[in-house]
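> attaching a predicted model along with its sequence, questions to come.
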Amino acid sequence: MNKTLLCDFYELTMANGYFELGKANEIAYFDLFFRRVPDGGGFAIAAGLEQIIDYIKNLKFTDGDIDFLRSKGLFSEEFLEYLRHFRFSGDIYAVPEGTPVFPGEPILTVKAPAIEAQFIETFLLLSINHQSLIATKANRIVRAADGRAVAEFGSRRAQGADGAVLGARAAYIGGCSATACTISDREYAVPTTGTMAHSWVQMFDTEYEAFVSYCKLYPENVTLLVDTYDVLGSGVPNAIRAFKEVLLPKGITKCAIRLDSGDITYLSKKARRMLDDAGLYDCRIVASNSLDENIIRDIILQGAKIDSFGVGERLITSKSTPVFGGVYKLVAKEQNGEIVPKIKISENAEKITTPHFKSLYRIYDKETGKAMADLLTVHDEELTEGEPLEIFDPIETWKKKTFTDYTLRKLHIPVFVDGECVYRSPALSEIRDYCLLEVDGLWDEVKRFENPHKYYVDLSKKLWSIKNSLLMNER
């Protein structure tokens, strides 16, 4: 499917305006960032870059697109002819997928001719907003599971096909171990998993017959759903009987049952004792049924005997906070060969932008390896490791901290340069491993679910001065 027209219509009317006014080739700089972490958390997970790369590589207007736009009666033939030869020719810098990110810092920066930079806004936002939202939610759920595997089970509750497929991709980046969405395995190598539906059990004359039949079909990968009728009265006893009659004679001890309703904590404790009493110590217990990080954390604290979780609708839709809130704002333009910073001012301080073409650094404590703070600088500033580095709160400027034993990492990587992709997208498993490693590099206080410690994203003195000067002069 050609996704070129997957844009807000005003991208086209503005593009036409830039073209007619001779501004088409003026170089503009845009930042994509977000203002608040979903669920009141301490950080988010960046995701969606690979789809942006694919979009930019294939960005072109077909004859059908041109004919459609002509039918609107708003665009000149000269502009439509310009679109016929349209290609992205600019630069894109981004943090790698899987990177923990914080409010106000650019996940992605675009430097390109004004029409090009403006036109790609919608797709960039929808890609980053959706996948970062799901990756962030998945990471919260995975951390709540405390080492227990979490599978994404949400396709049937997702908001559309892309919501299911790319949601599974993002959930895997965030730390999920598998998905029930088969096409996500084919397209993105997200490992697939699955058990059975209640309908399988109901199709047979008895629950026992349903279990035996499944064990015979899939002896090496058996998970029996035990709550179709009565978990403790028939489900678990029939599962034990089927395992003993079909699997144990073959020397197979690896098996599982799934609980999908009822009091998961109580049922899992009782089921664990029944399985152990039957000698099925290796039989695992899987839990599903409208779970999220809060429920998972609570049942673990209550002593639930759960080995892994399947999480569906509350993950794939990020039900508790269904909007990521990323925005795309002009921060500079080139004029007479110089970069001129631009700022958006608002009555709401949260919506005031940080101007200029910027670099983003992460400061690590050399001894612990933990991330201490992020620092935004003007793009041409040079930072030297080994020299004392002072940062200060951009609002409460008297709050200062000086680092002496630290390392610096520049987070932005070049993705496109002069319209050519210069970035090799890692395998999804690499992105997931990188994400989990980076999250592990945050202090536990930042990872708290409630009232997390504020992770500082500070401005260099030069950038802070530019921002404050614009605030004063633009009023």
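Nice, I can see it.
> excluding chain neighbours, what is closest to Trp241?
Just to correct that, residue 241 is Arg rather than Trp. Nearest residue to Arg241, sequence neighbours excluded (CB to CB, 6 or more residues apart in numbering): Tyr208, at 6.3 Å. C-beta here means a position set from N, CA and C on the backbone, and glycine is covered the same way.
> in what helix or strand does that neighbour lie?
Using DSSP states H and E, Tyr208 sits in helix 207-217.
> just checking: what are the partner strands of the following helix or strand past that helix?
Using DSSP H and E, the helix or strand that follows helix 207-217 in sequence is strand 223-225. Note on strand 223-225: by DSSP bridges, its sheet partners are strand 255-259 (parallel).
> tell me which element Asn309 falls in.
That one is not Asn; residue 309 is Phe. Assessed by DSSP H and E, Phe309 sits inside strand 308-311.
> one step back: buried residues, the helix holding Tyr208. List them.
Residues 207-208, 210-212, 214-215 are the ones in helix 207-217 that count as buried (16 or more other CB atoms under 10 Å).
> for the next helix or strand after the strand holding Phe309, packing partners?
Per DSSP H and E, the first helix or strand lying C-terminal to strand 308-311 is helix 313-316. Applying 3 or more CB pairs under 8 Å, 6 or more residues apart in numbering; DSSP states H and E, one finds that helix 313-316 contacts helix 121-145, helix 161-173.
> and the angle from the helix or strand just after helix 313-316 to helix 121-145?
Downstream of helix 313-316, the first helix or strand assigned by DSSP H and E is strand 327-335. Angle, strand 327-335 to helix 121-145, by axes from the mean of the first three to the mean of the last three CA atoms, to 10 degrees: 130 degrees.
> show me what the helix holding Tyr208 is packed up against.
Checking 3+ CB pairs under 8 Å, 6+ apart, helix 207-217 ends up next to helix 198-202, strand 223-225, helix 236-242.
> give me the contacts around it.
Helix 207-217 is touched from outside by 196, 200-201, 203-204, 222, 224, 228-229, 234-235, 238-239, 241-243, 245-247, 255, with contacts defined as CB atoms under 8 Å, 6 or more residues apart in numbering.
> buried subset of those residues, written for ChimeraX?
The following ChimeraX line selects those of the contacts of helix 207-217 that are buried, judged by 16+ other CB under 10 Å:
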select :196,200,201,222,224,228,234,235,238,239,242,243,246,247,255
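> could the helices and strands packed on helix 313-316 be laid out in TSV, adding distance to Val446, mean pLDDT and mean neighbour count?
Formatted as TSV, these follow (distance: least, CB to CB, whole Å; pLDDT from 0 to 100; neighbours: other CB atoms under 10 Å):
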stretch	distance to Val446	mean pLDDT	mean neighbour count
helix 121-145	12	98	25
helix 161-173	19	97	25
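> got the domain ranges for the protein?
As given by automatic domain parsing, the domain ranges for the chain are 9-134+322-473, 144-316.
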